Each structure stands twice: as C-alpha cells, then as structure tokens.
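Novice: Fold the following for me, if possible:
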Amino acid sequence: MERERLRELLEQVARGARTVDDALNALRDLPYQNLDFARIDHHRALRKGFPEVVFCQNKTPEQVAALVASLAARGRVLATRATEAHYAAVQAQVPSASYHAQARAITVGEPPPAPETPYGVVLAAGTADIPVAEEAVLTARMMGVRVETRYDVGVAGIHRLLEHLPLLQQARGIVVVAGMEGALPSVVGGLVACPVIAVPTSVGYGAHFGGLAPLLTMLNACAPGVVVVNIDNGFGAGYCLGLILNPPS
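Specialist: Below is the predicted model of the structure:
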C-alpha cells in the first residue's frame, strides 16, 4: 500500500498536480511517526512489502488503539496477541476494525485477493494448538496468499494426516504447529518437497517445559527442509509463509 501511495504522490508532483511543499507535507511521518511511547515505522512497507505489525501484549488498550489508528490511516493493519480490551479501545477509534478471537488478533481492511496457486497449508497437531495456527493463517492471508488448514492431524493418529497427502504435496509451503513432543514437522518434512516451517507450542505436560521439549525436537528434525520459529510464534511462521508464496517485488 505504501509503495503505491508514494508512487502516486511522485507522479502527481511530476505532472504538476501537486507542489513540492504539498508532497513534503504528505511525507511528514516518514521515516517514522513519533507517538512519544512508540515510533511507528511507516517506511517498513516500502522496505519489506508489508506494513509494521502491532504486537499488543504488555501494551495498554490506549496504546494499541493509537498505534492501530495511525497505521489504519495508511492501509490495512494487523495487530497480534490482542485481547478483547485491546479490541474495544481500537474499535472506538477505528470502527471498521475486526477481532479474530481464536487468532487473538485485530485486523483493519480486507486481505488482498489471493490467487488459487500457489497455496500454503497450516497444520495443527492438536486442537489445543489451533490458536497459534490461526495466528499463522491470518498473518499469511493478510499478506495476500491462499492458505488451507487441517487441524488435529498429530502423530498419535497418523492416518489423519496421510488422508491429506495430495494437498500437502502440491503446497508451496507448510506451517506445522505442534506441542507435546513436537514430532509432526519432521514427519511432514519427510513427505513433501516444499519448505516446512515448524512452530512449537507451549501445550503439554510438565516435562514439556512450556514448549522447550518440542522446540528441541523440531531443531533436531532429521527431515531436510524443516526450519523452526520460536515457541508459540504463529505470526513469525505465517509471515515466512507469506514471503515464500508472495515475495515482495
């Protein structure tokens, strides 16, 4: 969105439809906007192809609302780890905002149209892993890619996964979210040719150590093509999937 806005602005100056001073005023918030408690990186969309994402955890509802409102003035917005209190404050300033309860995220604006191919897949080993998986799904879709989901397909009943093998083998990238022992990404990595992004979750019993056990399992995966993000980092996995399927030009 920022790239298109900047191009339009420069074209207006070039054809005399806008003065240089007007253009400078329009660019006043670049490279960043100072809100005292935060500095919004409005250049990020130009550098990376996707605007800055708001991480809501440990921020007050008022802070999140101010950040989202500033970003929404320029285009679509994604805010992760959001609570209903965050959403209520955001909606008061940006009525068009939507709350995605399972993904624990706020969005403003519709995702860009996604082509049928290539597509990605997000798998969740168990139902308890779905919130992290949904964060990955929402992130990738906001980046303009098609994402299919298959949930509760963990290794305790491997036939549930193998049923979807044709879908997986045609995918360009796969996010695999798993807690407990975290074995599913290695299994998937041995069945497909595309990159597999493994996400350990903090779902499990005591010796699971809050996600450390599946993290180490995934880091030690013997299947090639498996990479690992941090514990519960659905956003990071979804962002990587978006870059694989729809790299910025």
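Novice: Please name the residues that touch the residue nearest to Ala128 when sequence neighbours are not counted.
Specialist: Spatial nearest neighbour of Ala128, excluding adjacent residues (C-beta to C-beta, 6 or more residues apart in numbering): Val203 at 4.5 Å. Heads up, the C-betas are built off the backbone N, CA and C, glycines and all. Applying C-beta atoms under 8 Å, 6 or more residues apart in numbering, we find Val203 in contact with Gly126, Ala128, Asp129, Gly179, Met180, Gly211.
Novice: List buried residues within those.
Specialist: For those, a burial check counting by 16 or more other C-beta atoms under 10 Å picks out Gly126, Asp129, Gly179, Met180, Gly211.
Novice: Surely the last one and Ala178 touch.
Specialist: No: the pair formed by Gly211 and Ala178 falls short of the contact definition of C-beta atoms under 8 Å, at 10.2 Å.
Novice: which residues touch Val145?
Specialist: Here Val145 is in contact with Ala114, Pro118, Tyr119, Gly120, Leu241, Gly242, Leu245, Asn246 (criterion: C-beta under 8 Å, 6+ apart).
Novice: downstream neighbour of the helix-or-strand element of the chain with minimal mean pLDDT in the secondary structure list?
Specialist: Least confident helix or strand, the chain: strand 33-34 with a mean of 67, by mean pLDDT, DSSP states H and E. Counting by DSSP states H and E, the next helix or strand C-terminal to strand 33-34 is strand 39-40.
Novice: Could you point out the helix or strand that follows that following strand?
Specialist: Using DSSP H and E, the helix or strand that follows strand 39-40 in sequence is helix 44-48.
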